[in-house]
Every structure is written in structure tokens, then in C-alpha cells.
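Chemist: Any chance you could fold what I've pasted below:
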Amino acid sequence: MNVKLALPILGLFMLTSIPAQPSPAVRNPLQDQVVVTQLYPGPVEVGDTVRVRIAGAENLSGTFLVDADGNITAPRLGQIAIIGSSTLLAAERVTARIIQLQLLKRPDVVVDIIGRPAKEITVGGAVLRPGAQLFKKGMHLSDLLDGAGLQPSSDTSRVQIDRGGVLLVVDFRKFSTGQDVTAKTNPLVEVADRIYVMSVEQLAGIARVIGEIKDPKGAIVALSNRTTVSQALQQAGGLTDQGDPKRVSIRRENREVFVDAAALLSGDLSNDIQLIDGDTIIVPKRIRKAEATVTGDERNAGGVSLLSPLTLLQAIGQAGGLLDGANRKAVVVRRLSLDGKLVSGIADLDRDTDAAMLLQDGDVIEVPQNKRISRFDFNRVAGSVIAAVSLLNVFRR
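Modeler: Residues are numbered from 1 along each chain as shown. Now for the predicted structure:
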């Protein structure tokens, strides 16, 4: 009997001696996912790439770029301002938007900064190691010049800082000699500043090249007593494909002087202009000339300008008119349709509506010889083509 009683007592003892199991901890579903190391610390900056992870909602998650206004734009969530926020605060703002839109009741959101564009400052001129240096907040001019190294010929009394088109001149020599150690002689630098150290041999000042140039790092040109436009353009890498060599100009003391850069770059230096301190060379974008092409039985085949409205009959007139035997009732006009397809129509010059048809950029007009050609109404075809003058000119040179 003792044994029979002992078992329940023992069982009771054992059961009462086992400590109560703790309640299972509430787990964040994101903890079961692979953790992405945050590559960059907050706060969030313009240009950052952020990764937003929302547990169980891959359709709302993704990688987003912080735009110039400090926002990310996420599918279904719209724009969310996170500039200047820590990653935790950015996650809270995303959470608030999800709840506001009633997409999830209790979203679990994690925000990581996984990319940040390199911020650089360019140092050039009389330095040992010209080129770009990584920008860090709180950098001074002295930090950049230490990194670039000064040449024996460096003239630190007139270091140039190009800051968004505004030119600052700093007497860094006073800082390096201890005469003046204030921010006036050793200023804080900003992202995208361009630093240029003059040489004691460069006594004529500096000029700038702006616009359509290939190498913006060469945009600041230190002048000798004989520096010319062609040399400045070469230092800037020459013109881009969009640059217009026929409209290059020099801005000098509130007036503009136009130069033929096409001739200069081809080796004709007869009109090369010597630069003076403060000159700015401007390379504008090329203006594309609208034109149509006339071919076939007319006197002067070739391109006709469409700088002013031109009718079909006027274009043929500019090409010298029709030759004897030309078929004026079957003039073929080819142009691009709205979807980029080439369509053709036949126009009758004796028909007022056809003869007065305005041409579009890129039209090709073909005047055939006088022979029997089936004809259909050109107006029906013209109605299916784009009415904008800015059509891509696939027929041009």
C-alpha cells in the first residue's frame, strides 16, 4: 500500500517540482530572414539607395532611390519623405503610410541604407596628384591640398574654388604660414567643388569652359600669356556630339564674341582668339535643322530647309522646279507615322489640297517621270502620320 500511495505522491511531487514553461516569445517574422548588413549609417541623404523590407508583403518591399526632394517612391505607397531620418525613423514613416492606406494592420518594416553615391571634389593645376578626392563632411581646403600635394611652383596665394559657377579666390599661403588661420584662408569645402592651384608661372589668370564639353574636369583653364580658345577647348576634352561648333562664343566683360570652333578644331588657327582673365567659353547644344529631301525629276535634288512652313509645291520650287516629262500628278511623299513606320502617299500638284500640303521634318519627296501610275487619295494617308515638326529625320545624311 505504501508503494501504491507513493507513486501518486511522487508523481504529484514531480509534477509540482517542474518549473512552469515560459510563454513563447513573440518573434518578428523578419528575424527568420537573412539579415542584410547596413552598409551606410543614417541619416538618409539625397541619392541614397534604401532597401525597404516588409514582412509578408514582398509586393510592398523593394529597393528605392532617395530623390532630390528627399523622397522615395514605392509601389502602392506613393512618395514618402525620409530625408534626414535615421533608418528607424524611416521605417516608422513607411509603417505609418501602410497603416494610413489600410494595407496592413501591424506591418513589420525594416529600412537599410545599402548604397550611397561617392561624393568627390576635384583638385587640379600645380599639384602632384591631380584628380578627384572623396568628400567627407567637415573637410577644409587644407585637407584637399595635403592629399593632392603641392608642387614647388604652386602659387597658394590665389587658389581657385569653382562652386557651382561661382568663383572663389583664397589666399591659402596666409594659412600655411600661420599669418591667418581663420576660415577665410582655409574654408570648408562643399560637395562638387572644383579646386585649382595656380602656378607662379601662370600670370595671366584663368578662363572657364562651360556647356557641351567632354571633360568637365578641364573646365578651369589656367592662362599663360598666349593661351587661346583652341587650347582651352582641347583641355576640356573637345566638344560632345551635342555641341555646336558654329555657335561657340566667348563671354567677355558683358559682351559675347562668336568663334568658329569647327575651324579651330580642324586645325585652322587663323582666327584663334587669345584668352584673358575672366573669359568664359560657352559651348551650346546643337540646334537640329528641320528639312525635307526632294529627289527625282526636278532640277536641283537635295535638302530643303523647313525653318519656316513650306508646302509641297514650294519645296519642289526651291529644288528648281519640275523637269520636262516629270509626272506632276504622281508625286510620292514618304514620312514616318506615329508608330515609327514608313508610309507613302501620292500627291497631285494640280490638286490644290495636295500642292498646299505642309511638309514635315524628314519628309522625302520623289518626283517620278511621266508614266501611268495608279493614284489614291493622299489626304487619307496623311491623316495617319504624325503632325509634329520634330519627327526623327531618318532620311537625313
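Chemist: Distance from stretch 321-340 to the middle of the chain?
Modeler: Its chain's C-alpha centre and that of stretch 321-340 lie 40 Å apart, by CA atoms, centre = their mean, to the nearest Å.
Chemist: All further residue positions should be reported with the first residue as 50.
Modeler: Happy to do that; since the first residue is 50 now, the last one works out to stretch 370-389.
Chemist: Note down every partner strand of the longest strand along the chain and its orientation.
Modeler: If you go by DSSP state E, the chain has its longest strand at strand 203-212. Strand 203-212 pairs in its sheet with strand 215-219 (antiparallel), strand 243-248 (antiparallel), by DSSP bridges.
Chemist: what pairs with the helix or strand just after the longest one, and is each one parallel or antiparallel?
Modeler: So the one you mean is strand 243-248. Downstream of strand 243-248, the next assigned helix or strand under DSSP states H and E is strand 255-260. When pairs are called by DSSP bridges, strand 255-260 turns out to pair with strand 269-271 (antiparallel), strand 329-332 (parallel).
Chemist: Let me know which of the strands paired with strand 203-212 is tucked in deepest.
Modeler: Among these, strand 243-248 has the highest mean neighbour count (mean count of other CB atoms under 10 Å), at a mean of 22. The way it works is simple: take the backbone N, C-alpha and C, and place the C-beta from them, glycine included.
Chemist: Show me where this protein has its helices.
Modeler: Assigned by DSSP state H, the helices in the chain fall at 51-66, 136-149, 190-197, 221-225, 278-284, 310-314, 361-367, 401-404, 427-431.
Chemist: Tell me which of the strands paired with strand 203-212 lies nearest to Asn235.
Modeler: Smallest distance to Asn235 across the strands paired with strand 203-212 (CB to CB): 7.8 Å, for strand 215-219.
Chemist: average pLDDT for that closest one?
Modeler: Averaged across strand 215-219, pLDDT comes to 89.
Chemist: The helices of the chain into JSON lines, with extra columns for mean neighbour count and distance to Gly119?
Modeler: As requested, these are exported to JSON lines (neighbours: other CB atoms under 10 Å; distance: least, CB to CB, whole Å):
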{"stretch": "helix 51-66", "mean neighbour count": "9", "distance to Gly119": "61"}
{"stretch": "helix 136-149", "mean neighbour count": "18", "distance to Gly119": "11"}
{"stretch": "helix 190-197", "mean neighbour count": "18", "distance to Gly119": "28"}
{"stretch": "helix 221-225", "mean neighbour count": "19", "distance to Gly119": "34"}
{"stretch": "helix 278-284", "mean neighbour count": "21", "distance to Gly119": "37"}
{"stretch": "helix 310-314", "mean neighbour count": "18", "distance to Gly119": "40"}
{"stretch": "helix 361-367", "mean neighbour count": "19", "distance to Gly119": "53"}
{"stretch": "helix 401-404", "mean neighbour count": "16", "distance to Gly119": "56"}
{"stretch": "helix 427-431", "mean neighbour count": "16", "distance to Gly119": "49"}
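Chemist: what's the weakest-modelled helix or strand in the protein?
Modeler: One helix or strand of the chain scores below all others by mean pLDDT, DSSP states H and E: helix 427-431, with a mean of 39.
Chemist: Report how many residues lie close to Asp309.
Modeler: Other residues near Asp309 number 17, with proximity taken as other CB atoms under 10 Å.
Chemist: quick one: low-confidence ranges for this protein?
Modeler: For the chain, the stretches with pLDDT under 70 are 50-87, 250-253, 274, 336-358, 386-390, 420-446.
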